[in-house]
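1. fold the following for me, if possible:
(one chain, ligands or ions: 2)
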Amino acid sequence: MTDVALEGVSYVYRQGSIRALEGIDLAIRSGERVAIIGQNGSGKTTLARHLNGLLRPTAGRVVVDGSDAAERTVAQLARSVGLVFQDPDRQIFSGSVRAEVAFGPRNVGARGSDLDERVATALQMVGLEAAAPVNPYDLGYSRRKLLVLASVLAMRTPVLVLDEPTTGQDARGVALVEAVVRSVVAEGRTVIAVSHDMRFVAETFERVVVMREGRVIIDGPPEDVFAEPQWPTLASSYLEPTYAATVGARLGLGSTPTDEAVVAALLATR
Ligand SMILES: Nc1ncnc2c1ncn2[C@@H]1O[C@H](COP(=O)(O)OP(=O)(O)OP(=O)(O)O)[C@@H](O)[C@H]1O
Ligand SMILES: [Mg+2]
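-> Numbers count the residues shown, from 1 in each chain. Ligands and ions are numbered 1, 2, ... in the order given. Next comes the predicted model:
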């Protein structure tokens, strides 16, 4: 079981001396489903890249499995934390979809039928099994996003970090990503996703962390984070509550009403 935590983490990009993270304290328990939201440039990707050691804190520390991540290489951390990049084209480098998905597990020692099974399962989870022989760059952007998701799924890490997984996806793609999150969590693994898609966040995650200017400004369940008292704070970060939250508030159903509850409340007012 893998817990991850940031303890007083600050990060300064040398280029331009931008303080992208400012004293972040964030503990995530094993098996949690956490969404990170915030306006452009608020530090979400910078935070995500600390979780697998791609970035190392300027101050503070990252703790993975109870020990300081600074004591482990990126290759070692890759066995615990899988990161799916925001931009798939910064992650893809193989000549075929199958080779791309096989690379990570092969690197950690998977061979033969174990490797084949990992690749097949990961491709099937994202609906790309028929594309196995294809060159990744012959896929469209949305399918390249699903491919990098599959390549990290095949690593079967206890922690999965997804940076903007639904960007560019149509309804079917969003449903696939939601199903992946649910199945990974059902196995007791942790999912942390950065997202601008408030509906995906409200419907798929149990905890929402709101960032602004490198800090965490709200941290709670979606029912609280999208509730009316938070709307001014969300608006000040250019975030909007979901349509369900605004309708739910008007009908007195809270911020994450079910469709059935909304319909029943509307019928009762006729
Ligand atoms: N490689 C870099 N070099 C210098 N500054 C950077 C670099 N990457 C990000 N920054 C800066 O750090 C801050 C945080 O950026 P980050 O990419 O973490 O934000 P984000 O919340 O992921 O934004 P978005 O929603 O646009 O993806 C921004 O001010 C950004 O301009
Ligand atoms: Mg980002």
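2. ok, residues contacting stretch 42-55?
-> Identification of contacts with stretch 42-55 by C-beta atoms under 8 Å, 6 or more residues apart in numbering yields 4, 6, 9, 11, 13, 20-21, 24, 26, 36-38, 56-57, 62, 64, 69, 72-74, 77-78, 81-83, 86, 159, 161, 163, 192, 194, 211-215, 237. C-beta here means a position set from N, CA and C on the backbone, and glycine is covered the same way.
3. for S151, which non-adjacent residue is spatially closest?
-> V101 (4.8 Å; C-beta to C-beta, 6 or more residues apart in numbering).
4. separation between the one you found and I18?
-> Distance of V101 to I18, computed by C-beta to C-beta, to the nearest Å: 34 Å.
5. before we move on, back to that, now the buried members of the contacts of stretch 42-55.
-> Neighbour-count burial (16 or more other C-beta atoms under 10 Å) applied to those gives 4, 6, 9, 11, 20-21, 24, 26, 36-38, 57, 62, 64, 69, 72, 77-78, 81-83, 86, 159, 161, 163, 192, 194, 211-212, 214-215, 237.
6. and the longest helix along the chain, how far out from the chain's middle?
-> The residue-count maximum for a helix in the chain (DSSP state H) belongs to helix 171-186. Centroid separation for helix 171-186 versus its chain: 11 Å, with C-alpha atoms, centre = their mean, to the nearest Å.
7. need the distance between the two termini of stretch 77-89.
-> End-to-end distance of stretch 77-89 (C-alpha to C-alpha, to the nearest Å): 22 Å.
8. for it, what is the average pLDDT?
-> Averaged across stretch 77-89, pLDDT comes to 96.
9. what does it contact?
-> 2, 4, 45, 48-49, 51-54, 64-65, 69, 91, 104, 107-108, 141, 144-145, 147-149, 152-153, 155, 157-165, 167, 194.
10. could you report the neighbour count for the closest residue in space to R56 that isn't next to it in sequence?
-> If the residues on either side of it in the chain are set aside, R56 comes closest to A70, at 6.6 Å by C-beta to C-beta, 6+ apart. A70: 11 surrounding residues under other C-beta atoms under 10 Å.
11. any idea how far E206 is from A70?
-> 29 Å.
12. what does I192 give?
-> I192 is 12 Å from E206, by C-beta to C-beta.
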